Structures are given as structure tokens and as C-alpha cells.
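In: After the sequence you'll find the predicted model.
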Amino acid sequence: MRRIHLAIVAAALVPSIAARADDTGLAYAHDLRKEGGRLCMSDHYHSGSGTGRTKAAAQAAAARSWTDFTNFEYGTVWARWSLATSKSVRFTKDASGWSADVDARPCRG
């Protein structure tokens with residue numbers, strides 16, 4: 001009977017475990033708070049940088065850089081630039097195009 005009970009409990013947990021399988025758990029070492037229906041890091045920012053021929057291309061490359069590092073550290077559930085908050089973008093123009101530097105606090109939906 002105990003084996004059946006354990007099997008039922010394990011089967012019930014599989015969907016929630018799978019949903020969190022992409023979360024490294026490291027985000028929970030930071031202070032978190034609810035913002036606009038998302039769970040966000042209260043005061044921890046990540047940065048990214050990129051270059052491109054246009055400002056838009058440089059910003060997209062910088063956002064990908066931010067996403068890649070955030071994904072590495074916390075998993076894809078935290079690595080969506082579209083969900084991040086407190087975003088800032090700085091541009092620099094040079095002879096070959098534009099550079100962009102971004103900062104934002106990671107959030108999960």
C-alpha cells in the first residue's frame with residue numbers, strides 16, 4: 001500500500017517539477033517581490049552589451065546578451081527580456097555602427 005501511495009504522490013508532483021526544471025534555484029538567494037503579476041528581483045540587476053549597424057540592432061544584441069547570461073545563472077524562466085523591469089539602455093556611436101549596454105532586474109511570469 002505504501003508503494004501505491006508514493007507512486008500517486010510522485011505522479012502528482014511530476015508536472016510541477018517539470019515546470020520548475022528550468023529554474024536553477026539561484027534566484028531565490030536574492031530578495032524577490034511581486035510586481036505587476038510577476039515575481040521580480042528586488043534590487044539585483046543583470047547587464048548585457050551588444051553592437052550593430054543600427055541602434056535597434058545594437059539594443060537587440062545587448063538584450064540577447066542579457067538573456068544569455070540570465071539564462072545561464074537562473075534558467076529560462078527568469079531570462080525573458082520582455083518580462084524584465086527597471087530597464088535602462090545606453091548607446092554609443094562609433095565608425096562601424098552602434099554599441100548598446102543594457103541593465104534590468106530579472107522577473108518571471
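Out: Sure, I can see it.

In: so His30 sits right up against Met41, yeah?
Out: Yes. With contacts counted by Cβ atoms under 8 Å, His30 reaches Met41, the gap being 4.8 Å. (Glycine included, C-beta is placed from N, CA and C.)

In: higher neighbour count, the two?
Out: Between His30 and Met41, counted using other Cβ atoms under 10 Å, Met41 has the larger neighbour count: 26 against 14.

In: Spit out the contact partners of the residue nearest the centre of the chain.
Out: Most central residue of the chain, judged by C-alpha distance to the mean C-alpha position with Cα atoms, centre = their mean, is Ala79 at 2.0 Å. The neighbours of Ala79, taking Cβ atoms under 8 Å, 6 or more residues apart in numbering as the test, are Thr67, Asp68, Thr70, Asn71, Pro106.

In: which among those residues end up buried?
Out: With burial judged by 16 or more other Cβ atoms under 10 Å, the buried subset of these is Thr67, Thr70, Asn71, Pro106.

In: and the second one, which of the three is it?
Out: Under DSSP: H, G, I helix; E, B strand; the rest coil, the three-state class of Thr70 is helix.

In: how about stretch 40-57 as PDB, C-alpha atoms only?
Out: The C-alpha coordinates for stretch 40-57 follow below in PDB (Å, rounded to 0.1, in the frame of the first residue of the first chain):
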ATOM      1  CA  CYS A  40      11.000  40.100  -9.700                       C
ATOM      2  CA  MET A  41      14.400  40.500  -8.100                       C
ATOM      3  CA  SER A  42      14.100  43.500  -5.800                       C
ATOM      4  CA  ASP A  43      17.500  45.100  -6.300                       C
ATOM      5  CA  HIS A  44      19.600  42.700  -8.300                       C
ATOM      6  CA  TYR A  45      20.400  43.800 -11.900                       C
ATOM      7  CA  HIS A  46      21.900  42.000 -14.800                       C
ATOM      8  CA  SER A  47      23.800  43.700 -17.700                       C
ATOM      9  CA  GLY A  48      24.300  43.000 -21.300                       C
ATOM     10  CA  SER A  49      26.100  44.600 -24.200                       C
ATOM     11  CA  GLY A  50      25.900  44.400 -28.000                       C
ATOM     12  CA  THR A  51      26.800  46.100 -31.300                       C
ATOM     13  CA  GLY A  52      25.000  46.600 -34.500                       C
ATOM     14  CA  ARG A  53      24.800  48.800 -37.600                       C
ATOM     15  CA  THR A  54      21.700  50.500 -36.200                       C
ATOM     16  CA  LYS A  55      20.600  51.400 -32.700                       C
ATOM     17  CA  ALA A  56      17.800  48.800 -32.900                       C
ATOM     18  CA  ALA A  57      20.300  46.100 -33.900                       C
END
